[in-house]
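Novice: Next one to model:
(chains A, B, C and D, ligands or ions: 6)
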Amino acid sequence: MQKPTVENLDTLEPNTWCKGCGNFGLLRALKATLAELEVPKEQYFLVTGIGCHGKLYNYVDVNGFHGIHGRTLPLATGVKLTNHELTVICAAGDGDQYDEGLGHLPHAARRNIDIKLFTHDNKVYGLTTGQTAPTAIQGYRSKTTLHGAPSPRLEPLKIALASNASFVARGWVGDLEHLKGLMKAAIQHRGFALLDIFQVCFTFNREQTFQFYRDRVYKLEDEGHDSSDLHQAWTRAQEWGDRIPIGLFYQENRPIYRDSLPQLKKEALIKQPLAPKGLEKLLKEFM
Amino acid sequence: MQKPTVENLDTLEPNTWCKGCGNFGLLRALKATLAELEVPKEQYFLVTGIGCHGKLYNYVDVNGFHGIHGRTLPLATGVKLTNHELTVICAAGDGDQYDEGLGHLPHAARRNIDIKLFTHDNKVYGLTTGQTAPTAIQGYRSKTTLHGAPSPRLEPLKIALASNASFVARGWVGDLEHLKGLMKAAIQHRGFALLDIFQVCFTFNREQTFQFYRDRVYKLEDEGHDSSDLHQAWTRAQEWGDRIPIGLFYQENRPIYRDSLPQLKKEALIKQPLAPKGLEKLLKEFM
Amino acid sequence: MQQDEISLLVGGEAGQGINAAGFLLAKSFFRGGLHVFGSIDYPSLIRGGHNFYTLRAAGYPVYSHWDTINLVIALDALTMKRHHKHVSKDGGYIYDSDRIPADHHDIPTDKKFLCPIPLKTLQKEIGGTPVIRNVIALGATLAVLDYDVTILEVILRENFQRKGDKVVEMNHRAVRAGYDYAKKNFSNEFTYQIKAISKTKQNRILIPGSEAIAVGAMAAGCKFYSAYPMTPSSGVLHFFFAQGEQFGIVTHQPESEIAAINMVIGAAHAGTRAMTGTSGGGFCLMTEAFSMAGMTETPLVVMLGQRTGPSTGLPTYTGQSDLLFAIHASHGEFPRILLAPGDVQESFDLTIDAFNLAEQFQLPVIILTDKHLLESHYTNDTFKLDNVPIDRGKLLPMTPYKGEKPYLRHRYTDDGISPRLIPGTPNALVHTDSAVHKESGFQGDHCEIAERQANKRYQKMPTLMKTLSKRDTVKIHGPHDAKTSIVSWGSPKGAILEALRILHKEHQSINFTQILYIEPFPVSEVEKAFQGKRLILVENNQTGQLGSLIQQYTDYKINYRILRYDGRPFDPGDLTDRIREALK
Amino acid sequence: MQQDEISLLVGGEAGQGINAAGFLLAKSFFRGGLHVFGSIDYPSLIRGGHNFYTLRAAGYPVYSHWDTINLVIALDALTMKRHHKHVSKDGGYIYDSDRIPADHHDIPTDKKFLCPIPLKTLQKEIGGTPVIRNVIALGATLAVLDYDVTILEVILRENFQRKGDKVVEMNHRAVRAGYDYAKKNFSNEFTYQIKAISKTKQNRILIPGSEAIAVGAMAAGCKFYSAYPMTPSSGVLHFFFAQGEQFGIVTHQPESEIAAINMVIGAAHAGTRAMTGTSGGGFCLMTEAFSMAGMTETPLVVMLGQRTGPSTGLPTYTGQSDLLFAIHASHGEFPRILLAPGDVQESFDLTIDAFNLAEQFQLPVIILTDKHLLESHYTNDTFKLDNVPIDRGKLLPMTPYKGEKPYLRHRYTDDGISPRLIPGTPNALVHTDSAVHKESGFQGDHCEIAERQANKRYQKMPTLMKTLSKRDTVKIHGPHDAKTSIVSWGSPKGAILEALRILHKEHQSINFTQILYIEPFPVSEVEKAFQGKRLILVENNQTGQLGSLIQQYTDYKINYRILRYDGRPFDPGDLTDRIREALK
Ligand SMILES: Cc1ncc(C[n+]2csc(CCOP(=O)(O)OP(=O)(O)O)c2C)c(N)n1
Ligand SMILES: Cc1ncc(C[n+]2csc(CCOP(=O)(O)OP(=O)(O)O)c2C)c(N)n1
Ligand code: SF4
Ligand code: SF4
Ligand SMILES: [Mg+2]
Ligand SMILES: [Mg+2]
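Specialist: Ligands and ions are numbered 1, 2, ... in the order given. The predicted model follows:
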């Protein structure tokens, strides 16, 4: 089938994101990334959650599944284990992934399931009209935190590092070239990859705006960060304030979950015949 | 009511744990801890999950709720916010808390809900006959990991540290005095406390036995660990192998969730009258 | 021409403030003493797309919006196109002529009253920001309808007071700009004009179901509300956040619905009144703990706001497809109560009753409602807040325990209801268990205990049925001796009452049996209502779920089924036609 | 005295290997050509407590255990005490006299055959470890029953072969020690003796429901099984882990039931046959995704193994209380299929059919079963593995797509079923959505689409009903023209067949209507079966859930209800009494 191009990855679906939404940049970066890789369109599988981010599914013309809120990871795992020739990408929201679906993340990470998780981290629940997300910065005001979010935010990168994720990165929608590089690296990484993306919710988040990030982000690679050093990664992941690092925090090569399954050594499950031979011997045990 | 003593904390319920189970030690340490504190029995509230650990509920005569699998934290949060005069303790399993209920842990931690989580970390699903738990060590063999657990284990302390938990500790059932000290410190800590307890499953876990731990554990306090230093805590939490640290990894004083609720400044919710005065003004807005 | 009644639609993109504009208009009529019903239709997106607010105002009670529209206020071209087929023959349009050139709106000009207003131009003239355009359009609308514009001005002043005089002044100017422009250009031309009846504030409210439920819950003493956002249940959550604190209520947004319900069970067990709210998918996630509430006999109140399913479905549209799910939700068998309000008064009343029943019978109660009721604006007498009944059943005071020793949380009693103690009460301990437990609440892994405790839980039924028999479990609207009865539940009530009004004018012998307390099913009340009647079932779902219950519990057969399951509520006009068809 | 039939019970503490001992005994009779039924009863704990294995063996088919016991093999004192009331008048005990002193077992010695065996002493004599005591007891048992002990020896050899000769030898010695001791001390005294019929292996199996389902699934081509452990569904998971790999099946233990079902939906959507299994509380957690399977038309197979509820309930005991929940589970409306096997043959057959129906109709299928069926050992002809029908419906091959362009996953068709493509197939892309979607699978936030797609999904019903009408949706056991019919589903089948045998001997005009395909409800088949009959409902639950469906779908009334809900399966003896009562 077609090799993806930025054009042929377009769908005819009307885009319903707000004008000014950071999702547009993210979409652009994703399409550009896929267009640079040699994988044919039908070999991609995109799973999205429920939220504004979930609509991404409608705008990228690859195989796609718009799942339920918070469950991209297990659904993607099922797809990947069934047909590991597919490149499986999850687009999740911060409410979606870090609230409802948080329990799946450390497990997908430690198992090193070979799927890519791109989180649209806009620090609000966009589609449900702006409630506070778990990544919202302490003090953030919304209709569900009138006096400001009372608790420190959830820190996805730290959670991922604590869960032995083999690829941990952060990008933002204000630097698409950089974001594209991270997306590409994530896709090319053999194993689980978390790419948390600062995605500006133009409508509801009046604090973490483009300007907010532009004033603060710096690139790890510009400061000689060694992404093979877990210790450095952890230290960098703590940084928050006037300077916020983006880039590849950590990457490690270790066996993926599939490597533990001899059934999948030769070919993908989907390529194998359904009805197994020799089942009779199972019944012998009961005779 | 009565001040707890080791004797009056006993119930008449028949104990159904296996002979040799590490839970007995844990139970003993818990009763001894409560007996040393000045809180009357009726001011304790114990929430347990489903698993062998969950039966603890039957053996400690304080208020108790044997909840469902994986949900001690939210249930305990509801109890605590309603009556914050109660000392609320959760006894969870590793399957219970770190598989089914994992999603609640980072949130309870970052919110600093003033409840205590004691996890019976036996590295197996005891009550369901020995399946591999998420904390099982890579390579661990059971009926659900015949070739050995393929993935690195989930590391609760690292997850807790990554979630800004204000109290992170590890004990083990082979040193009850030490364990008691940690339980006491956790209960006296103002805020969320995770105390992960190596609890030997005598029946199913033939690898992480008493001897296994006895050969490996050392006490942080014996090595001058500074539990106010997050960085040190993280470094120690990585240690695993011939030497495994137990003790208080990290403790920090920061506001608890309740501090953000002016409603609870004066007295516990349960002490306040149900039907509020002045509701008429709400309806005025609709006139 | 003065009319008794008018039906309007305000339409545009999401983000244009359609809901707010529609509501301001609704409020203007409401404050003028008219009865108003307003309903918002919006897709699941934040900006763009197509939103519209439909409202009806009349000199007599109105129970529903109406698809047939007399005047469309169009803030974009799509609005004109989309709703054209629903505009009455003598109807018309007010539209933003700066945005929608005359050759672009696709409306056959000969047929309709067209009132182009250059919103952008006027906005610039008065020196306002774009958000003010809606207000200009509203001013124009009131001019065309010849309605007292000062009422809107008062409302705007109230609304914007806290934002300062400048904002109030700007709004005032906007209203006047629209009003004057329309008066000057289209005065007295439009068929539909309507008059305010009264200008003094009355003891009436214009309120959506969400707020009716929230206020009901607060009045019932709900002190703890924890819910994960989900349309259409979020309104209640937002209201609790905005208003709860001042009344000493704790409101919480947890990490998931599973957390929400477990927290609420914890809070209720700990002795306060607690509630959660959600919609279909969220309720799914709650079912496991719902069963635990049944097993531990914890008084639990869950508001289930239905939307179009299955799965994510149409998140912002309505439906009634979760009735059987809610009645049968969760593994195992335990008694529960399901209440289905049909309007805001019932929302308020049944919510209060939900809390009382939950505590009296120590079991979970579901308030089953839907997007249409939760998010539409109803005109109602204000709710009575004095003497709200609060009956906590067998809850013991927190004073040192002096009852039978030892205290047994799940003690066997004649009516199956055990005295309930709040943990923390001196001289007693409270034990409960999601597993089979003994009277003490400690685990009892014995078959005999399982059976006895199961019997205990169902032993509540006779008392419960007796208690419920004193409630209006079933309401009959219209003549009791009618030949035909429309059978329904929940939010279709409004459209059905409207249809009934028309059918009665046509001298049809028909009434409406509304079932409010659906579980336990009020068999004898329903059978009494059905006696000798032809039955027409009306439900906002695909399979006629109430019909299934009627088939199960009674010997009556549904003769005709009118179902709608496209996400939209019933339109009284269309519904009347379908009932007429059924009556043939 | 030689008997046709015998009923035994092996009892002791958890951890004493009661299940294994009981099963060895069962297997011994089975290998001797007898028909056997064995059932294990254990509380939710790992060591201690009281476990017992009940088994019946006979020269003719047996379908159930029996509460009345002829011989108890007691490994602890509690066993003797607990089961005394169930021991038949001429029954007896084999017991561990080293553990249970004669003055301690509470059994009136005059009435019963008592066979004390000093297990510890004998164990020491032969130089074995304590685990060998059960085997000694089994040897003694066969001696007392005058049954061919070499059969047991062969079985033990097969079992322990891979553990080496020493182990085999020790087992052999243990059997002989028990056998010889009993022969010497109690030879020919016992009323109950039973003979092997044949010693050559036949094409029969002794298998529990779990394994029947697992083998069925494998035969049907299930390549992916993901499940979170939960009694009584774990047996299937363990079997998949133990046996799946060699057949190229991927088995996974995920972090939760929510993960399990979402994974399985992913796997099924990606084109393989996939399944999950769980019990009540776990199924609750799956309901949200279950609805997604309905919406995305993903072929999904879920095994729901019931246990005693509500909530944690009695985790290791049986029940049938999730029928209505399963039928109505999840928000929104979508077609589903629910199959309820009553024995191991049906477990095998219906599991295969589940996969076929799921793919033919692209919808979720539930196999509803329970602890009693899943964990009891049934004697059955071996399953036919050749020519297992595999019908994948409208699944397209993975060769480059050449069909109508563009490929539309949810294309409208005459029968509502769209051609299904595997993602990754060249020249086409597959899109699907949990929200309302268009034919293309892209989101379609429009009411018209919601309605059309809803209609599309239900458009499958006529074809589905036609397909099902060719299945044995309902089975009638016994004379079709009987005056009374017992109506039931699932695992009570065995006890009912036993009761029927007795009642037929008493010349009662009675048969048994077993409903296997419960959703969609086979109305006409059921009505045909019921014609002119008195109906006795038998269910292992408290509210008679199948009865509710019968009330809903048919005009027949249940005349009498026999319900059991203490966690235990029906006992044929007690059931027969209750049916006799009903027949009065
Ligand atoms: C089980 C469930 N609970 C709640 C919802 C309602 N819901 C839809 S989107 C959303 C949150 C969206 O926030 P996020 O995931 O951050 O996505 P964003 O819109 O910001 O991209 C919620 C709570 C749902 N669809 N399903
Ligand atoms: C929702 C749900 N899923 C599964 C189960 C079955 N179950 C009971 S205990 C248990 C695991 C026990 O392991 P763990 O939590 O580690 O406790 P332990 O027995 O080791 O103390 C499981 C899976 C359940 N009760 N509820
Ligand atoms: S609400 Fe926020 S995240 Fe959603 S589309 Fe609009 S700007 Fe983007
Ligand atoms: S199974 Fe393991 S954890 Fe459970 S009681 Fe026995 S030894 Fe303890
Ligand atoms: Mg977000
Ligand atoms: Mg464990």
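Novice: tell me the residue furthest from the middle of chain C?
Specialist: Within chain C, C:K405 marks the point farthest from the mean C-alpha position, 45.9 Å out by CA atoms, centre = their mean.
Novice: Would you agree it falls within a strand?
Specialist: No. Under DSSP: H, G, I helix; E, B strand; the rest coil, C:K405 sits outside any strand and is assigned coil.
Novice: And it, its phi and psi?
Specialist: Per-residue torsions, C:K405: phi -110, psi 140 (degrees, to the nearest 10).
Novice: Over to C:H372?
Specialist: Per degrees, to the nearest 10, the backbone of C:H372 is at phi -60, psi -40.
Novice: and the helix or strand harbouring C:V487, which strands flank it?
Specialist: Taking DSSP states H and E as the criterion, C:V487 maps to strand C:484-488. If you go by DSSP bridges, strand C:484-488 pairs up with strand C:510-515 (parallel), strand C:534-539 (parallel).
Novice: and the helix or strand following it, what does it pack onto?
Specialist: Next helix or strand after strand C:484-488 toward the C-terminus (DSSP H and E): helix C:493-505. Applying 3 or more CB pairs under 8 Å, 6 or more residues apart in numbering or on different chains; DSSP states H and E, we find helix C:493-505 packed against strand C:474-477, strand C:484-488, strand C:510-515, helix C:572-583. C-beta here means a position set from N, CA and C on the backbone, and glycine is covered the same way.
Novice: can you do 7 Å?
Specialist: strand C:510-515, helix C:572-583 (3 or more CB pairs under 7 Å, 6 or more residues apart in numbering or on different chains; DSSP states H and E).
Novice: Most tightly packed of the ones you listed?
Specialist: strand C:510-515 (a mean of 24; mean count of other CB atoms under 10 Å in any protein chain shown).
Novice: quick one: strands adjacent to the helix or strand following that strand?
Specialist: Per DSSP H and E, strand C:510-515 leads on to strand C:517-519 as the next helix or strand towards the C-terminus. Using DSSP bridges, the strands paired with strand C:517-519 are strand C:337-339 (antiparallel).
Novice: what angle separates the next helix or strand after the partner strand from helix C:493-505?
Specialist: Once the chain leaves strand C:337-339, the next helix or strand it forms, by DSSP H and E, is helix C:344-361. On the basis of axes from the mean of the first three to the mean of the last three CA atoms, to 10 degrees, helix C:344-361 is oriented at 120 degrees to helix C:493-505.
Novice: Quick check, pLDDT for the residue farthest from the centre of chain C.
Specialist: According to the prediction, C:K405 has pLDDT 92.
Novice: Return the distance of it relative to C:A340.
Specialist: Distance, C:K405 to C:A340, by CB to CB, to the nearest Å: 43 Å.
Novice: Which positions in chain C make contact with ligand 1?
Specialist: Contact residues (CB under 6 Å from any ligand atom) of chain C with ligand 1: C:Y228, C:P229, C:M230, C:E257, C:G281, C:G282, C:L285, C:T312.
Novice: the bottom helix or strand of chain A by mean pLDDT?
Specialist: Within chain A, no helix or strand scores below helix A:280-284, which has a mean of 93 by mean pLDDT, DSSP states H and E.
Novice: contact partners of it?
Specialist: Residues outside helix A:280-284 that contact it (CB atoms under 7 Å, 6 or more residues apart in numbering or on different chains): D:I205, D:V215, D:Q243, D:T382, D:F383, D:L385.
Novice: I'd like the strands paired with strand C:484-488 as CSV, with mean pLDDT and distance to ligand 3 appended.
Specialist: Converted to CSV, the strands paired with strand C:484-488 look like this (pLDDT from 0 to 100; distance: least, CB to the nearest ligand atom, whole Å):
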stretch, mean pLDDT, distance to ligand 3
strand C:510-515, 98, 39
strand C:534-539, 98, 34
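Novice: between those strands, which gets nearest to ligand 5?
Specialist: strand C:534-539 (35.4 Å; CB to the ion).
Novice: could I have that closest one exported to CSV, CA atoms only?
Specialist: Taking Å, rounded to 0.1, in the frame of the first residue of the first chain, the C-alpha atoms of strand C:534-539 are listed here in CSV:
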residue,chain,number,x,y,z
ARG,C,534,-55.2,0.0,25.6
LEU,C,535,-51.5,0.7,26.2
ILE,C,536,-49.2,2.8,24.2
LEU,C,537,-45.6,2.6,25.4
VAL,C,538,-43.4,5.7,24.9
GLU,C,539,-39.7,5.4,25.5
